[in-house]
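Engineer: have a look at this prediction, sequence included:
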Amino acid sequence: MSVFIAPEGTRGRDLRLQPFKKGAFHLAAATHVPIVPAIVRGAGACQPYGQLVADPGVVGVELLPPIPTDDYSAENVDAKREELHALFARHLEGEGQVAATSSRAGALRSPARSCPS
């Protein structure tokens, strides 16, 4: 079984990486199933915040190597959440964007791509 969870919980009004919610990390701690991080690019341009229907366009998805969760527990969910947030921020920073140092600070995502109308 596979589950896709957006760690931010929802899209933000801007292109900043939002804080990660704890639910996915509690699920990983309970099941010890590896996490496969997915960096999604271009979705904000195709379906801006508040728009119910997506416009046609190109959305890129980069799958990062699986992260073992054997050492995940209810006691270290916050630390693991911060580690994954930092990984996402590093990948976004590599595109010349401002990086976050924690899930409480925002990192800019890759620039929005224009979707045809």
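Structural biologist: Sure thing, it's come through. The structure presented is a predicted model; accordingly, all values stated were derived computationally and were not measured. Numbers count the residues shown, from 1 in each chain.
Engineer: after the helix-or-strand element of the chain with minimal mean pLDDT, next one along is what?
Structural biologist: Ranking every helix and strand in the chain by mean pLDDT, DSSP states H and E puts helix 43-46 at the bottom, with a mean of 85. Counting by DSSP states H and E, the element after helix 43-46 in chain order, helix or strand, is strand 60-63.
Engineer: list the buried residues for the helix or strand just after that next one?
Structural biologist: Using DSSP H and E, the next helix or strand after strand 60-63 towards the C-terminus is helix 77-93. Buried residues in helix 77-93, counting neighbours by 16 or more other C-beta atoms under 10 Å, are found at 77, 80-82, 84-86, 88-89, 91-93. Where C-beta positions appear, they are placed from N, C-alpha and C, glycine not excepted.
Engineer: got the CA coordinates for helix 77-93 in CSV?
Structural biologist: Taking Å, rounded to 0.1, in the frame of the first residue of the first chain, the C-alpha atoms of helix 77-93 are listed here in CSV:
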residue,chain,number,x,y,z
VAL,A,77,8.5,13.1,15.5
ASP,A,78,9.3,16.8,15.9
ALA,A,79,13.0,16.2,15.2
LYS,A,80,12.3,14.0,12.2
ARG,A,81,9.8,16.6,10.8
GLU,A,82,12.5,19.3,11.1
GLU,A,83,15.1,17.0,9.3
LEU,A,84,12.7,16.4,6.4
HIS,A,85,11.8,20.1,6.2
ALA,A,86,15.5,20.9,6.0
LEU,A,87,15.9,18.4,3.2
PHE,A,88,13.2,20.1,1.2
ALA,A,89,14.6,23.5,1.9
ARG,A,90,18.1,22.4,0.7
HIS,A,91,16.6,21.1,-2.6
LEU,A,92,14.8,24.3,-3.1
GLU,A,93,17.8,26.4,-2.2
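Engineer: quick one: contacts for A54?
Structural biologist: By C-beta atoms under 8 Å, 6 or more residues apart in numbering, the contact set of A54 is 46-47.
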